[in-house]
Every structure is written in C-alpha cells, then in structure tokens.
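**Q** structure for the following, please:
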Amino acid sequence: MTFSVFFTVQPSALAQCNGTGYVTGGDTVYLQDQGDIYIGKSYSGRRYYYPTVTPDYPVAGKFEIQGTGGPVYDGQNIQLQTLDKDAWVPSWLDYDLLGAFGDDYYLYYWEDYGTKSDWRIERPSYLSEEPIKYGENVYVINRDYNEFMTPTDSGYLTTEPNVHLWTFLEYCE
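**A** Prediction:
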C-alpha cells in the first residue's frame, strides 16, 4: 500500500529573506489582510489594470517596495510597484504603481502620480521606534484621499474611511 502526502506551503510572516525581519525598500512582498485575503494579480478591465483580491496564496500578487532605500517606519510613505506584469500589453508595462484615482472607485495601476500613488504605513495604536516588521499588522493609507486600502465585495480594492489591517509578508525565492 502506498500513501502520498501533499502540503500547501504558504509564506511565513517570520521569513527573513533580507536578514533583518523588517519591511525594507526594494523588498519583494505580498500583502495579506486581517481576513486572510491577499492582494492578487491584476485584471485588465475597461481602461486600466486592476489588482484583484484572493484567498488563494498561489495567485497572490507580488510587489516591490519603492520610495525608500532603507527600512519602512511608522508613518512613512511608500509606493507599491506590481511585479506581476507577464500578461500585460507592452505599452502598459511602465504603469505599474498601485494608486487611488478620482476617475474610478477601484484602485488601479498607473505611473507615479504624486500622492495618489503614495501609501502611508501606520501602526494601529502603539508607538515604536523600530521599523515595521514582517507579520506586523499595519494600516495602508492612501496619501491623497487619507483613506484605508480595503478589499471590496466584488473582488477588487478601494479606499474607505473605515480602518482595515494588512500584513506585509516577504517573498523569498
């Protein structure tokens, strides 16, 4: 009699690919929310590429932290550059920063557009002088709208005034 065992491996919030355990500029990351939903790969919609949300880790989208060369601290602004552009039309490859824009309810990818493509990372309530750690709950707040990144019931992302927690998980190759 032969038995086979299969395991699904998910990223560890404690993984330390860069050796520090801190979210750092240039790192490749996943974002997972408080309900175990990941920001997924993008979908080409009416006009733009829209990130989806998914409960399935294998289709989670990868981002590179931009806007800082060192560790990310409480209250710091970053940009989230998607790395999942394999199926994108070549003319759209430079439109890869996640942002919130006034012409659509959903978040989508575009070029650097100032505060619309900037995200402030904040701890929920406690103060710490340490950089943000992988696996730590944080708010991801759009600088232009001053609202929280939030998944929608329709499977996309938006910003809303209600708080929503996210966790950075480091992608390790």
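**Q** against residue 48, how distant is residue 20?
**A** Per CB to CB, to the nearest Å, residue 20 is found 34 Å from residue 48. Using the backbone N, CA and C atoms, a C-beta is placed for each residue, glycine as well.
**Q** more crowded one of the two?
**A** Taking other CB atoms under 10 Å, residue 20 and residue 48 do not tie; residue 48 has more neighbours (19 against 15).
**Q** list the buried residues of the helix or strand bottoming out on mean pLDDT in the chain.
**A** Least confident helix or strand of the chain, by mean pLDDT, DSSP states H and E, is strand 38-44 with a mean of 92. Buried residues in strand 38-44, defined by neighbour count with 16 or more other CB atoms under 10 Å: 38, 39, 40, 41, 42.
**Q** the third one: what's it in contact with?
**A** The reference is to residue 40. Going by CB atoms under 8 Å, 6 or more residues apart in numbering, residue 40 touches 51, 52, 53, 54, 56, 59, 60, 61.
**Q** mind listing what the fifth one touches?
**A** Taking CB under 8 Å, 6+ apart, we find residue 56 in contact with 38, 40.
**Q** distance check, it against residue 115.
**A** Counting by CB to CB - residue 56 and residue 115 are separated by 32 Å.
**Q** cool, and the fourth one?
**A** Per CB to CB, residue 54 is found 28 Å from residue 115.
**Q** now do the second one
**A** Remark: distance between residue 52 and residue 115 (CB to CB) = 24 Å.
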